[in-house]
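Engineer: Provided below are the primary sequence and the corresponding predicted coordinates.
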Amino acid sequence: MVSTLPQREKTAWITAQRPARSGHLDPYKPHAFFLEEELADSGRIVPSATILLTNKECPWSCLMCDLWKNTLTHTVPPGAIPNQIDFAVSQLEIWPEHVKLYNSGSFFDAAAIPIADYPGIAQSVTFAEHVVVESHPRLVGEKAMRLRDLLPSSLEVAMGLETVHPEVLPRLNKRFDLHDFSKAAAFLRSNEIAVRAFILVNPPFLNEGEGIEWAVKSADFAFDCGATVVSLIPTRSGNGAMDTLLESGEFVLPRIATLEDVQEQALDLRRGRVFADTWDLEQFSQCPACLEKRRQRLHLVNLTQQLQARIKCPACGEA
């Protein structure tokens, strides 16, 4: 249905399916932040802070995106983004070595992150050895180098590749192609900026077997482009559009076992670090008896990049 619509009508259909945005957001505070561990390029396990910045929604309305729920309809005031970072850091128990500044869109979208705030942002993360931001491939360019030059640390840009499936990618309303991604990755690598790729596990319009196959192919393509990290994101419902596709049978929620299969096969490529996203893992489980054990196993694989024995659950029969 949605895939056959012209671009403008497709975007209108996606936004029309949306439920209400989240409640009041303070432009001077991030809408969330948390501390976790991550395996660094050096092979060390380091403390990593993820700060989910409050800012204006990105100009793309991707089919599967639910990040708009925690965005504003206007650009934040000057100085708001550095203030958000300072607030989050002040609440953390330790100084993290890595900081991820994720803004529910593209860091290099000037309507989301004012360019004038770049020096203040860099000042706010002077303690970090490595900083990760996210961006749409088509916004990667001079602003990335400007941020890189201001930071005392190394910089990494995470881009949502999502899938290399030739029919599914255009249907996601991402409005880029594989050439755009490879070009952006090449630009970043040539300017000594690391690349991370987000890959969807079981995007719409594929069955479970196809979802596994194409997620692994997508990881392989990302590594071809010079990515050193691939993050596997189970495709969620809950944004309106995905719920409609779920009801019509055009989307199937991935199981935790699906995520485990993709993680294992992507690791078998032996081309870079592979991280399985365990956020909101409850949505992909139908068995509370083994949920936490599976979460812990995925986390251990993330930290070691070594396969662990699969959980055998007598309650659900999953293995």
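Structural biologist: The structure has been received and is ready for your questions.

Engineer: tell me the secondary structure for the residue nearest the centre of the chain?
Structural biologist: When C-alpha atoms, centre = their mean is applied to the chain, the residue found nearest the centroid is residue 198 (5.1 Å). Assigned by DSSP: H, G, I helix; E, B strand; the rest coil, the conformation of residue 198 is strand.

Engineer: what separates residue 242 from residue 20, distance-wise?
Structural biologist: The gap separating residue 242 from residue 20 is 16 Å, by C-beta to C-beta, to the nearest Å. C-beta coordinates here come from the backbone N, C-alpha and C atoms, glycine included.

Engineer: residue boundaries of the helices in the stretch 101-250 of the chain?
Structural biologist: Counting by DSSP state H, counting those that start in this stretch, the stretch 101-250 of the chain has these helices, from start to end: 118-124, 142-150, 168-171, 178-190, 208-224, 241-248.

Engineer: and of those helices, who's closest to residue 235?
Structural biologist: Minimum separation from residue 235 across these (C-beta to C-beta) falls at helix 241-248, 7.3 Å.

Engineer: State the next helix or strand along the chain beyond that closest one.
Structural biologist: Next in sequence after helix 241-248, counting helices and strands by DSSP states H and E, comes helix 256-268.

Engineer: Tell me the buried residues in that following helix?
Structural biologist: Neighbour counts over helix 256-268 (16 or more other C-beta atoms under 10 Å) mark 256-267 as buried.

Engineer: now stretch 27-36
Structural biologist: Buried-residue list, stretch 27-36, by 16+ other C-beta under 10 Å: 27-28, 30-31, 33.

Engineer: Stretch 163-170 too?
Structural biologist: In stretch 163-170, counting by 16+ other C-beta under 10 Å, buried: 163-165, 168-169.

Engineer: can you list contacts of that stretch?
Structural biologist: 3, 162, 172, 177-178, 199-200, 203-206, 210, 214-215, 217-218, 221 (C-beta atoms under 8 Å, 6 or more residues apart in numbering).

Engineer: Kindly recompute the last result at 7 Å.
Structural biologist: 162, 178, 200, 203, 205-206, 214, 217-218, 221 (C-beta atoms under 7 Å, 6 or more residues apart in numbering).

Engineer: okay, and for the stretch 151-300 of the chain, where does confidence drop off?
Structural biologist: Scanning the stretch 151-300 of the chain for pLDDT under 70 picks out no residues.

Engineer: Tell me how far the residue lying closest to residue 240 once chain neighbours are set aside lies from residue 168.
Structural biologist: Nearest residue to residue 240 in three dimensions, chain neighbours excluded: residue 17, at 3.3 Å (C-beta to C-beta, 6 or more residues apart in numbering). From residue 17 over to residue 168 the distance is 18 Å, taken as C-beta to C-beta.

Engineer: quick revisit: what is the nearest of the contacts of stretch 163-170 to residue 236?
Structural biologist: Among those, and counting by C-beta to C-beta, the member closest to residue 236 is residue 200, at 9.7 Å.

Engineer: tell me the SS of the closest residue to residue 96 other than its chain neighbours?
Structural biologist: Distance criterion C-beta to C-beta, 6+ apart; nearest residue to residue 96, sequence neighbours excluded, is residue 49 at 3.9 Å. Classification of residue 49 using three-state DSSP returns strand.

Engineer: From the contacts of stretch 163-170, list just the buried residues.
Structural biologist: Of the contacts of stretch 163-170, these count as buried by 16+ other C-beta under 10 Å: 162, 178, 200, 203, 205-206, 214, 217-218, 221.

Engineer: Find the pair from these with maximum spatial separation.
Structural biologist: Farthest-apart pair in the buried ones among the contacts of stretch 163-170 is 205 and 221; separation 18.3 Å (C-beta to C-beta).

Engineer: Now render the buried ones among the contacts of stretch 163-170 as TSV, adding distance to residue 313.
Structural biologist: Below are the buried ones among the contacts of stretch 163-170 laid out as TSV (distance: C-beta to C-beta, whole Å):
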residue	distance to residue 313
162	30
178	38
200	26
203	26
205	30
206	26
214	27
217	29
218	29
221	33
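
Engineer: which among those residues gets closest to residue 279?
Structural biologist: Using C-beta to C-beta, the buried ones among the contacts of stretch 163-170 come closest to residue 279 at residue 200, 14.0 Å.
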